[in-house]
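Chemist: Below are the sequence and a predicted model for it; my questions follow.
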2 protein chains.
Amino acid sequence: MSACVQQQNFCSYQNTDIFSKQSFQYLESIMYPRVIEKDQYLFLDSDRADQLYYMKKGQIKITKLAEDGKELVLYIFQEGDLIGELGITADSRYNYSAKATAHCEIGIIQQQDLETIIWQHGDVAVEFMRWMSNMHAITRSKFRDLMLYGKKGALCSTLIRLANSYGIMTPTGIVISQTFTNNDLAELIGTTRETVNRMLSTLKKDGVVSLESEGKLKIIKLNKLKEACSCEDCPIEICRI
Amino acid sequence: MSACVQQQNFCSYQNTDIFSKQSFQYLESIMYPRVIEKDQYLFLDSDRADQLYYMKKGQIKITKLAEDGKELVLYIFQEGDLIGELGITADSRYNYSAKATAHCEIGIIQQQDLETIIWQHGDVAVEFMRWMSNMHAITRSKFRDLMLYGKKGALCSTLIRLANSYGIMTPTGIVISQTFTNNDLAELIGTTRETVNRMLSTLKKDGVVSLESEGKLKIIKLNKLKEACSCEDCPIEICRI
DNA sequence: TAAATAGTGTGATTTAAATCACAACGAATT
DNA sequence: AATTCGTTGTGATTTAAATCACACTATTTA
């Protein structure tokens, strides 16, 4: 991740960057357009998983709801990202939900159409597998970050990921160009907004982060965040939100 | 998962069951044999990821080591399982290690050879993607189980997974045919052996599990375990260790 | 057969995090 | 200008889990 945050100005890596122009055109050729309004669901937990979704515009949060009503946010996808999975059985189902947090324009890809393209074009197949592998690596790296270094480590790794996905380099630090409430952050790390608030307070006190205009977070001491989660400097395509 | 535990006698699902005979023969045709002795590593964290591994025999634990020396066991693979990933870049690396816990016979598949097969055979491509998707679903479901219902829920979900991977149905309950020490279980759920010991004690006291000969665990009240982790009855190919 | 080693079981204590409770702020609404 | 609502900040308390400490029991192995 460091590679990105330290060298560029705005660096939201899109997970479809893996595809070549040619392959992407094949994918585009089988997309059906769909609009999802803010706060609507693209799909729900236990819905049949037989489509993929290409995000032309907007933002989608992938969430898992716990029995007691708490929400864990697994990913936040945006423009240029591909969402979905290929079931093993014909009746395979999602085990998470996808909620639009903004007006979204989606390209829907039917699993059957995708399989046809994959059948016909070896390079699409190989690139598609790379995309899947990458998605899995993201999940694994979050798993690690959220399990191994306590809530403090979880928050710090999440801030690094946000910096990679929304960060704008400035002379004084990396500004996260989207505002996240304490509760938003809490849902990303599986904790409470109070715990996030307290942890952020000490990070501010220690000059690691600061609050900019419109409640945007600025990361001042990236290395302190990295220390807190024993950052392994994963490549940018993995270290994202 | 319940489907399996409740209907069969021994039900270790192999993740290569996804492949058709024909596809699997293609995979076999590009395998190189290799033997790994107990306690040796198949690969290490940060090794280049350009191979896949088919397990003909033995057992491999996939682990992630934390800074402080603690180990998190991500998966346990055995006979019939396929291990590995396809990197995005040529220089892609593992971010976990693979340790043999028994004498292993492995079939090594070079990424390049695999890509050739995938290029040539559309059905292998599609099935391979299903395998990848399935592996990802396993990771996500563990993520959920270990994050959302405390250490108690994490242990209970792990016991259910062990029942699916090693369970033998008996008139009085499901016997887990391999012994796991408290510490083994602790590494699977990211806690300490003391915590596991205490949790297992209360599960025994409540008649949920019992200890059989040679330290094997028997699950008596599966539904109690399911309750503790708000089990969603995932399909057997996902609910595994 | 004794010694060493690996694993279990449990008390006592500490630490991390969740929960409860409430005051205060700021933006939007009436 | 007053009210509502979503959000922040922080104290006090409780709970979950980690840590420390040590006795005990199996299982190896010398």
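Modeler: Right, received. Where do you want to start? Numbering: from 1, shown residues only, chains lettered A, B, ... in the order given.

Chemist: What is the longest helix along chain A packed up against?
Modeler: Counting by DSSP state H, the longest helix found in chain A is helix A:122-148. Secondary-structure packing of helix A:122-148 (3 or more C-beta pairs under 8 Å, 6 or more residues apart in numbering or on different chains; DSSP states H and E): helix A:21-29, strand A:71-78, helix A:111-120, helix A:150-166, strand B:71-78, helix B:111-120, helix B:122-148. Yep, even glycine has a C-beta here, placed from its N, CA and C like the rest.

Chemist: Figure out how far that helix is from the centre of its chain.
Modeler: In terms of C-alpha atoms, centre = their mean, to the nearest Å, the centre of helix A:122-148 is found 12 Å from the chain centre.

Chemist: if we can go back for a sec, now the helices and strands packed on helix A:122-148 as TSV including mean pLDDT?
Modeler: Listed next are the helices and strands packed on helix A:122-148 as TSV, based on pLDDT from 0 to 100:
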stretch	mean pLDDT
helix A:21-29	97
strand A:71-78	97
helix A:111-120	94
helix A:150-166	98
strand B:71-78	97
helix B:111-120	94
helix B:122-148	96
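
Chemist: could these go into a markdown table alongside distance to B:Ser92 and mean neighbour count?
Modeler: Formatted as a markdown table, these follow (distance: least, C-beta to C-beta, whole Å; neighbours: other C-beta atoms under 10 Å in any protein chain shown):
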| stretch | distance to B:Ser92 | mean neighbour count |
| --- | --- | --- |
| helix A:21-29 | 19 | 14 |
| strand A:71-78 | 20 | 21 |
| helix A:111-120 | 21 | 17 |
| helix A:150-166 | 18 | 23 |
| strand B:71-78 | 18 | 21 |
| helix B:111-120 | 9 | 17 |
| helix B:122-148 | 14 | 22 |
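
Chemist: and of these, who's closest to B:Arg93?
Modeler: helix B:111-120 (12.7 Å; C-beta to C-beta).

Chemist: Identify the residues contacting that closest one?
Modeler: Outside helix B:111-120, the residues that touch it by C-beta atoms under 8 Å, 6 or more residues apart in numbering or on different chains are A:122-123, A:125-126, A:129, B:26-27, B:30, B:50-52, B:86-87, B:124-125, B:128.

Chemist: Let's see that with 10 Å instead.
Modeler: A:118, A:121-123, A:125-126, A:128-130, B:23, B:26-27, B:29-32, B:48-52, B:84-87, B:90, B:92, B:109-110, B:124-129 (C-beta atoms under 10 Å, 6 or more residues apart in numbering or on different chains).

Chemist: likewise stretch A:205-221?
Modeler: Residues outside stretch A:205-221 that contact it (C-beta under 10 Å, 6+ apart): A:5, A:156, A:159-160, A:162-163, A:166-168, A:170, A:172-181, A:185, A:200, A:202-204, A:222-225, A:227-228.

Chemist: starting at the chain centroid, how far to it?
Modeler: 21 Å.

Chemist: That one close to DNA strand C?
Modeler: No. Stretch A:205-221 is not in contact with DNA strand C by C-beta under 7 Å from any atom of the strand; minimum separation 8.1 Å.

Chemist: which bits of chain A sit near DNA strand C?
Modeler: Checking chain A against DNA strand C by C-beta under 7 Å from any atom of the strand, the hits are A:Gly150, A:Lys151, A:Lys152, A:Gly190, A:Thr191, A:Thr192, A:Glu194, A:Thr195.

Chemist: mind running it again at 10 Å?
Modeler: Proximity of chain A to DNA strand C, by C-beta under 10 Å from any atom of the strand, involves residues A:68, A:70, A:149-155, A:186, A:189-199, A:213-215.

Chemist: Pull out the buried residues from those residues.
Modeler: Applying 16 or more other C-beta atoms under 10 Å in any protein chain shown to those, the neighbour count classes A:Tyr149, A:Lys151, A:Gly153, A:Ala154, A:Leu155, A:Ala186, A:Ile189, A:Gly190, A:Thr191, A:Thr195, A:Val196, A:Met199 as buried.

Chemist: A:Ile83 against A:Lys56, yeah?
Modeler: No. Judged on C-beta atoms under 10 Å, A:Ile83 makes no contact with A:Lys56 at a distance of 12.0 Å.

Chemist: between the two, which one's more packed in?
Modeler: Set side by side, A:Ile83 and A:Lys56 show more neighbours around A:Ile83, with 19 against 16, by other C-beta atoms under 10 Å in any protein chain shown.

Chemist: ok, now how distant is the residue located most distally from the centre of chain A from B:Leu74?
Modeler: Distance from the C-alpha centroid of chain A, by C-alpha atoms, centre = their mean, peaks at A:Gln120 (30.1 Å). A:Gln120 sits at a distance of 35 Å from B:Leu74 (criterion: C-beta to C-beta, to the nearest Å).
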